[in-house]
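# Model the following, please.
(2 chains)
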Amino acid sequence: GAGVSQSPRYKVAKRGQDVALRCDPISGHVSLFWYQQALGQGPEFLTYFQNEAQLDKSGLPSDRFFAERPEGSVSTLKIQRTQQEDSAVYLCASSPRNRGETQYFGPGTRLLVL
Amino acid sequence: GQNIDQPTEMTATEGAIVQINCTYQTSGFNGLFWYQQHAGEAPTFLSYNVLDGLEEKGRFSSFLSRSKGYSYLLLKELQMKDSASYLCAVEAGGFKTIFGAGTRLFVKA
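Below is the predicted model of the structure:
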């Protein structure tokens, strides 16, 4: 496909369960971002990858959140021991190089923790 | 701290012009983005400003004043499909992009 894809599109988890969210960026894009978007708010930065290197993880809210991009393409955001406040839309975006580039967003994964 | 302010909601009439303002205070500044986001969908790119001044792109224009920490998005000849949230975002220091909460625009007939 031509765009960024994310799976699953919807995820319902019981509190305490671990979840894994997948992002397939546009082929060849160097940069990959993860964001968390609460209802009625703008996306909030979580972490940034340049190829396989995680250069900024300052936005991850706690050590329950972990992201990886081992081969510099597909990325996974893992949330351990989910809590209700983790309920949000998780957006992935990629861009061709690094700064000053348009970020192309995926459709997001809507996570609901019960 | 990092702060981006934009109005929560605006209403305008089809065919009119609307200006959405954004003020920012960030620890660094590399550039400013405007994105459009329809309900339940991903944000899509509208514009990117690095230097002061006005950038025009069809019905959409974006203005930046770095000294004032201010930007606006101008939408002309409004159409019903322009009803959406408009997100102001600053590419701050490092690799972080800071988004505002968004302005929900309602276009009425």
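# Spell out which residues sit in contact with residue A:88, please.
A:36, A:37, A:38, A:39, A:111 (Cβ atoms under 8 Å, 6 or more residues apart in numbering or on different chains). Any C-beta I mention is one placed from the backbone N, CA and C, and that applies to glycine too.
# Ok, residue B:33 next?
A:102, A:103, B:45, B:46, B:47, B:48, B:87, B:88, B:89, B:90, B:91, B:97.
# Relative to residue B:37, which of these is nearest.
residue B:87 (6.0 Å; Cβ to Cβ).
# picking up where we left off before, what's the PyMOL line that selects buried ones from the contacts of residue A:88?
If you want just the buried ones from the contacts of residue A:88 in PyMOL, going by 16 or more other Cβ atoms under 10 Å in any protein chain shown, the selection is:
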select buried, chain A and resi 36+37+111
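# Now do the strands in chain A.
A:5-7, A:10-13, A:19-24, A:31-37, A:44-50, A:53-56, A:65-68, A:75-79, A:88-95, A:104-105, A:109-113 (DSSP state E).
# can you dump the C-alpha coordinates of the third one into CSV?
Read it as strand A:19-24. Provided in CSV are the C-alpha atoms of strand A:19-24 (Å, rounded to 0.1, in the frame of the first residue of the first chain):
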residue,chain,number,x,y,z
VAL,A,19,-1.1,-5.1,24.2
ALA,A,20,1.0,-4.7,21.1
LEU,A,21,0.3,-2.1,18.4
ARG,A,22,1.8,-2.4,15.0
CYS,A,23,2.8,0.3,12.5
ASP,A,24,3.9,-0.2,8.9
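# now the angle between strand A:88-95 and that strand, please.
Between the axes of strand A:19-24 and strand A:88-95, defined by axes from the mean of the first three to the mean of the last three Cα atoms, to 10 degrees, the angle is 30 degrees.
# what pairs with strand A:19-24, and is each one parallel or antiparallel?
strand A:5-7 (antiparallel), strand A:75-79 (antiparallel) (DSSP bridges).
# Now do the first one, average pLDDT.
Think strand A:5-7. What strand A:5-7 shows for mean pLDDT is 96.
# Now tell me what touches that strand from outside.
Residues outside strand A:5-7 that contact it (Cβ under 8 Å, 6+ apart): A:21, A:22, A:23, A:24, A:90, A:91, A:92, A:106, A:107, A:108, A:109.
# Show me which of these is closest to residue B:18.
Distances from residue B:18 to the contacts of strand A:5-7, taken as Cβ to Cβ, are shortest for residue A:91 (25.7 Å).
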